[in-house]
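S.K.: kindly generate the corresponding structure for this input.
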Amino acid sequence: MALSSLSVWLDATRPKTLLLAMAALLCGNSLAAAQGHFSPAIALLALLTALLLQILSNLANDYGDVRKGTDNRHRLGPQRGLQQGRISLPAMRAAITVTLTLTTLSGIALLWLARPSLTVLLSFMALGVASVLAALAYTLGAKPYGYRGLGDPAVLIFFGWVAVGGSYYLQSQQFQWAILLPATASGLLAVGVLNLNNLRDIDNDKACGKLTLAARLGPTAGRRYHLLLMAASLLGFAAYALLTARSPWGWLFLLAAPWLLAHAANVLATQKAQSLAPMLALLAKIALMTNLLFAIGLLADR
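M.R.: Below you'll find the predicted structure:
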């Protein structure tokens, strides 16, 4: 029974999606390490904070969608513990509170270890509050932004610019505008995972009033948008390589291009929403692989 309960809670964290947080932090820390700035302790605490933030978002999303009736028997995605009744609403609220507390403590420890200037400290504290609010407000509250098609830009901001740029700054204590290129590229891969999720559940979401960007675009335009996300991600990494690469190592990320483009082509060709389900986990793995190759290339190109 205990193992079964643990499995239900583990599933509620959506472990496959946590690869996206790992990918973003890998990108940001490798950018700093390639310039001679790297603290293993800061890297680990930044990763822990990012993972806790994503788990917080995943738990809150489940809670909000169940309360609003969006997670119902017509939804094509996997049924999680809350939807099945194996996790109660009070238990989920408690889990959200605990995760929020752990996220806050981890974030405070990270800033204490990094010891930025007062101005930067206040800025990061504001970003931390914004990140928590974004994690909670996607499906919670009277006007959740995920129900108004604003999830995609939020993912780009927090999984791209904040996660990559923030981890880079905490390591290096500096900021360069060029960092926004790989930060955007990494973030767009995370947006792609969200878009697949929304494309899969487009009919049920529309019926429940959840007007995601995919629901607004429709299945055909939503698939074309997905191809654009994958292509733009590769262009972002390529633009950074053009500016900084000293050798072919700086272009190592291109080894992931065939998988990314093949994935995008499969999404474009797939007509059945059910067929999109396994592509979410696949894209999360491709995103991690792309960022890993980018990181290896950066370090080898030093």
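
S.K.: what is the mean pLDDT for stretch 176-193?
M.R.: What stretch 176-193 shows for mean pLDDT is 97.

S.K.: and the contacts of it?
M.R.: Here stretch 176-193 makes contact (C-beta atoms under 8 Å, 6 or more residues apart in numbering) with 17, 20, 23-24, 27-28, 31, 152, 155-157, 159-161, 163-165, 168, 226, 229-230, 232-237, 239-240, 243-244, 280, 283-284, 286-287, 290-291, 294. The way it works is simple: take the backbone N, C-alpha and C, and place the C-beta from them, glycine included.

S.K.: can you report how many residues neighbour Pro90?
M.R.: Residues lying near Pro90 (other C-beta atoms under 10 Å) number 8.

S.K.: check the secondary structure at it for me.
M.R.: For Pro90, the assignment made with DSSP: H, G, I helix; E, B strand; the rest coil gives helix.

S.K.: what about it, distance to Leu283?
M.R.: From Pro90 over to Leu283 the distance is 34 Å, taken as C-beta to C-beta, to the nearest Å.

S.K.: hey, C-alpha coordinates of the strand or helix carrying Leu121 in CSV?
M.R.: Assigned by DSSP states H and E, Leu121 belongs to helix 118-137. Taking Å, rounded to 0.1, in the frame of the first residue of the first chain, the C-alpha atoms of helix 118-137 are listed here in CSV:
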residue,chain,number,x,y,z
LEU,A,118,22.0,43.9,-3.0
THR,A,119,20.4,45.2,-6.2
VAL,A,120,20.8,41.9,-7.9
LEU,A,121,19.6,40.1,-4.7
LEU,A,122,16.4,42.1,-4.7
SER,A,123,16.0,41.4,-8.5
PHE,A,124,16.4,37.7,-8.0
MET,A,125,14.0,37.7,-5.0
ALA,A,126,11.4,39.4,-7.3
LEU,A,127,12.1,36.8,-10.0
GLY,A,128,11.6,34.1,-7.4
VAL,A,129,8.3,35.4,-6.3
ALA,A,130,7.2,35.8,-10.0
SER,A,131,8.3,32.2,-10.7
VAL,A,132,6.2,30.9,-7.8
LEU,A,133,3.2,33.0,-8.8
ALA,A,134,3.6,31.8,-12.4
ALA,A,135,3.7,28.1,-11.2
LEU,A,136,0.5,28.6,-9.2
ALA,A,137,-1.5,30.9,-11.4
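
S.K.: what helices or strands is it leaning on?
M.R.: helix 40-68, helix 89-114, helix 163-172 (3 or more C-beta pairs under 8 Å, 6 or more residues apart in numbering; DSSP states H and E).

S.K.: which ones among the contacts of stretch 176-193 lie within helices?
M.R.: Mapping those onto helices (DSSP state H) picks out 20, 23-24, 27-28, 31, 152, 155, 163-165, 168, 226, 229-230, 232-237, 239-240, 243-244, 280, 283-284, 286-287, 290-291, 294.

S.K.: report the buried members of those.
M.R.: 20, 23-24, 27-28, 31, 152, 155, 163-165, 168, 226, 229-230, 233-234, 236-237, 239-240, 244, 280, 283-284, 286-287, 290-291, 294 (16 or more other C-beta atoms under 10 Å).

S.K.: and the end-to-end length of stretch 107-121?
M.R.: 11 Å (C-alpha to C-alpha, to the nearest Å).

S.K.: stretch 196-216 too?
M.R.: End-to-end distance (C-alpha to C-alpha), stretch 196-216: 14 Å.

S.K.: next, the buried residues of it.
M.R.: Buried, per 16+ other C-beta under 10 Å, within stretch 196-216: 196-202, 204-205, 208, 210-215.

S.K.: Leu293 touches Trp249, doesn't it?
M.R.: No - with contact defined as C-beta atoms under 8 Å, Leu293 does not count as touching Trp249 (10.2 Å).

S.K.: for those two, indicate the residue with more neighbours.
M.R.: Leu293 (18 against 15).

S.K.: OK, contacts around Thr13?
M.R.: Ile55, Asn58, Leu59.

S.K.: repeat that for 10 Å
M.R.: For Thr13, the contact set (C-beta atoms under 10 Å, 6 or more residues apart in numbering) comprises Leu51, Leu52, Gln54, Ile55, Leu56, Asn58, Leu59, Asp62, Arg80, Ala95, Thr99.

S.K.: can you check Ile96 too?
M.R.: Per C-beta under 10 Å, 6+ apart, neighbours of Ile96: Ile55, Leu56, Ser57, Leu59, Ala60, Asp62, Tyr63, Ala135, Leu136, Leu140.
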